[in-house]
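Undergrad: structure for the following, please:
(one chain, ligands or ions: 2)
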Amino acid sequence: MFPLIKELLKMPADGREVEVRGWVRTKREMKNLCFVELNDGSCFAGIQCTFDLAADLSEENHRALSLAGTGASALVRGKLVPSPASGQAAELAAAGIRILGEAPAENLPASAGRSAINAYPLQKKRHSLEFLREIAHLRPRTNTFAAVARVRNRLAFAIHEFFQSRGFAWVHTPIITASDAEGAGAMFRVSTLEMEAPSENGGTFPDWSKDFFGKKTFLTVSGQLEAETYAAALSRVYTFGPTFRAENSNTTRHLAEFWMVEPEAAFAELDDNMDLAEDFLKSLFNTVLQDCAEDLAFFDERIEKGIIETLGSVGASKFTRMNYTDAVAELEKAFNSNSAVFEYKPFWGCDLQSEHEKFLTEQIAGGPVIVTDYPKEIKAFYMKQNDDGKTVRAMDVLVPRLGEIIGGSQREEDLGKLERRMAELGMDTQAYWWYLDLRRYGSVPHSGFGLGFERLIQYVTGMANIRDVIPYPRAAGQAEF
Ligand code: ATP
Ligand code: MN
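TA: Ligands and ions are numbered 1, 2, ... in the order given. Below you'll find the predicted structure:
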C-alpha cells in the first residue's frame, strides 16, 4: 500500500518522488504559488503540497487545482523536499494533482442523475462541538475529533498491552444477560415480543416465558459477575467491551452505551486492587504522553490548558488513598466551616455527589484519590463485608474534573455472608446459583474494578462532554447515525 502522511513525514526529505492521498484542508494562492494542505488522519499534521503555477502545469492540473476546495479528496504527486515554512520539516514540491471526489463550497442544485448537494459543512473555520455532534459522520475530519479518535485507539491498544503483559487473559462476557439485579444501573430490555400497551393486552404484561430466551433478558450493565467465574479458573482476566445503562440523566459523564474495562484477579485483596488500578492508569497516561504527543499538544493548547503537565505529574506521583469515613469528615469540615459550598450536605452514609468528588480531588488531594470502605448500603451486594458490619471493601478512583473514573472492590468470598446480604436486599439467590457456586467450590479472595473507557479518554484529552469522545454517542433521545 502507498505510504500514509504519518509515514511520509518520517522519510528523509531528499527529493524522492512520492504520492499522497488525503482530504484538502485548505488551499491558498500567493503570487505564483498554490499551497494545498492535505490531511489523511494518520497523524495530526497534514502535508503541504506546493504547486508552482509559473511552471508548465498541464491544463488538467489547473482544472484539478481549481476544484481542490476544503473537503475534496485528492491524490498529489511530487517530490518530498525540506520545507522552508516553520512548523513542518518536509513538504511536497507538487508536480500533479487529481481530484478523487469534490466537496462543493456552495450549494449545488440537482442535476441529471443526482440529487442536490449542500455546501460541505466543514468549511475552514471553528465550529462548535454542539454543531459537530449533529454531523457526527463528518466530525472525524476535524482536528479535534481525529485527535480524539487516535487517542482512543492508542488507549484501547494500551489497555490490552497492559493486561496481557501482566498475565491477564481477555474474556468475552455476554452482552445479553438475564441477571437483572446487579444494581449497577437501569437496564434496557431485550425482547422479540410484540410490545403492546398493557391495556390492549387484556391488562396484563407480556408473558416473558414466551419471549425469545424464555425469560426476561437485558443488555448487560457490567461483565463483572461472569468475569469472576473466569478469574476463578484463569486467575487473572479482564473484559473490554460495550456496556449499557438506561441512564436518563443528561450529564456530561454518562452515556447509555459505553465501553468498560473490567479486570478481575483471584488471590487479590483490596490493596492489590488499588495498586493495580493505580499502575494501570499511570501506565495509560504515560503511553499517551509518549505516543500521542502531537495530539496532546493540540488538546493542551485548545481544549484544556496544562493537560500535558497534569498527566505527567499524576503519572509520576502516588495517588492519595483515604477511606470513606475520613473523606466524609473532610467534606463535613469544609461544609460546616463554609470553606466549600455544596448543594448536597455531606453526612456519613451519603453517596458521594460529584461536587463532593470534585472537592476531594481538587481541593483536598490536588490529584486522583482512591476512596475505600464505603457504607454497604450504597454499594453492590457482592462487595466484601468489613468486620465493622457497616462498611464494605469498595474502592472508587476519583479524578479532578470528572469525579469517578473507576469503581471496584474486593468481592465477598464467603458463601454464608453473601447469601445473607442478598437475602437482606430481597434478591432471588436462586437466580444467582452459578455465581454462588464460585463460593461453594474452591472459593478464593478476589478483586476487580471497572474503568469507564470514555471517562478515561475525557480525562486524558480534557474533552468536557462524554458525547465527544465516542464516535456515535447513545444517550436518552439520541440514536442518530
Ligand atoms: P457514576 O456514579 O459515575 O454514575 P457508577 O458508580 O454508576 O458511576 P459503576 O457501576 O461503578 O458506575 O461503573 C464502573 C465505571 O463505569 C464507572 O467508574 C465509570 O467510569 C463508568 N461508567 C458508569 N456509568 C457510566 C455511563 N453511564 N457512561 C459512561 N461511563 C460510565
Ligand atoms: Mn461506581
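Undergrad: can you pull the buried residues of the host helix or strand of residue 60?
TA: Applying DSSP states H and E as the criterion places residue 60 in helix 59-66. Across helix 59-66, burial judged by 16 or more other CB atoms under 10 Å covers 61, 64, 65. Bear in mind the C-beta positions are built from the backbone N, C-alpha and C, glycine included.
Undergrad: partners of the longest strand along the chain, with directions?
TA: For the chain, the strand that runs over the most residues, judged by DSSP state E, is strand 17-30. Strand pairing for strand 17-30, determined by DSSP bridges: strand 33-39 (antiparallel), strand 73-82 (antiparallel).
Undergrad: pick the most buried one from those strands.
TA: With neighbours defined as mean count of other CB atoms under 10 Å, these peak in mean count at strand 33-39, which reaches a mean of 21.
Undergrad: can you list contacts of that one?
TA: Under the contact criterion CB atoms under 8 Å, 6 or more residues apart in numbering, strand 33-39 has outside partners 5, 20-29, 45-53, 65, 68, 74, 76, 94, 97, 141, 146.
Undergrad: nearest to ligand 1, of the strands paired with strand 17-30?
TA: Closest to ligand 1 of the strands paired with strand 17-30 is strand 33-39 (CB to the nearest ligand atom; 30.0 Å).
Undergrad: ok but residue 438 is inside a helix, no?
TA: Yes: Residue 438 forms part of a helix when assessed by DSSP: H, G, I helix; E, B strand; the rest coil.
Undergrad: can you count the residues close to it?
TA: For residue 438, the neighbour count with other CB atoms under 10 Å is 23.
Undergrad: what's near enough to touch it?
TA: 228, 229, 232.
Undergrad: for residue 146, same thing?
TA: Counting by CB under 8 Å, 6+ apart, residue 146 has contacts 39, 41, 44, 140.
Undergrad: distance of the spatially closest residue to the first one that is not a sequence neighbour from residue 291?
TA: Leaving out its chain neighbours, the residue that sits closest to residue 39 by CB to CB, 6 or more residues apart in numbering is residue 46, at 3.6 Å. With distances defined as CB to CB, to the nearest Å, the gap from residue 46 to residue 291 amounts to 19 Å.
Undergrad: neighbour count: these two, which is higher?
TA: residue 46 (23 against 16).
Undergrad: against residue 20, how distant is that one?
TA: Relative to residue 20, residue 46 is positioned 9 Å away (CB to CB).
Undergrad: which neighbours do those two share?
TA: In contact with both residue 46 and residue 20: 5, 38, 40, using CB under 8 Å, 6+ apart.
Undergrad: turn those into a markdown table, columns for pLDDT and distance to ligand 1.
TA: Below are the shared contacts of residue 46 and residue 20 laid out as a markdown table (pLDDT from 0 to 100; distance: CB to the nearest ligand atom, whole Å):
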| residue | pLDDT | distance to ligand 1 |
| --- | --- | --- |
| 5 | 97 | 33 |
| 38 | 98 | 35 |
| 40 | 98 | 31 |
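Undergrad: pick the one among the residues you listed closest to residue 185.
TA: residue 40 (39.3 Å; CB to CB).
Undergrad: residue contacts, the closest one?
TA: Counting by CB under 8 Å, 6+ apart, residue 40 has contacts 4, 5, 20, 21, 22, 23, 46.
Undergrad: surely the second one touches residue 20?
TA: Right, the one you point to is residue 5. Yes: the pair residue 5 and residue 20 qualifies as a contact (CB atoms under 8 Å) at a distance of 6.4 Å.
Undergrad: so those two - more neighbours on which side?
TA: Neighbours around residue 5 and residue 20, counted as other CB under 10 Å, are more numerous at residue 20. The numbers are 25 against 20.
Undergrad: could you pull up the residues touching the residue nearest to residue 39?
TA: Counting by CB under 8 Å, 6+ apart, residue 46 touches 5, 22, 25, 37, 38, 39, 40.
Undergrad: please redo it, this time with the cut-off set to 10 Å
TA: 5, 9, 20, 22-26, 36-40, 88, 143 (CB atoms under 10 Å, 6 or more residues apart in numbering).
Undergrad: single out whichever of those has the smallest pLDDT.
TA: Within these, residue 88 has the lowest pLDDT, namely 83.
Undergrad: helix, strand or coil for the closest residue to ligand 1 within the stretch 101-250 of the chain?
TA: The nearest approach of the stretch 101-250 of the chain to ligand 1 comes at residue 184, 4.1 Å away (CB to the nearest ligand atom). Of the three states, residue 184 takes coil under three-state DSSP.
Undergrad: which non-adjacent residue is nearest it?
TA: That would be residue 221: by CB to CB, 6+ apart, it lies 4.2 Å from residue 184.
Undergrad: pretty sure the one you found is touching residue 179, no?
TA: Yes: assessed by CB atoms under 10 Å, residue 221 is found in contact with residue 179 at 8.9 Å.
Undergrad: re the thing from before, restrict the contacts of residue 438 to contacts with ligand 1.
TA: Near ligand 1, judged by CB under 6 Å from any ligand atom, there are no entries from the contacts of residue 438.
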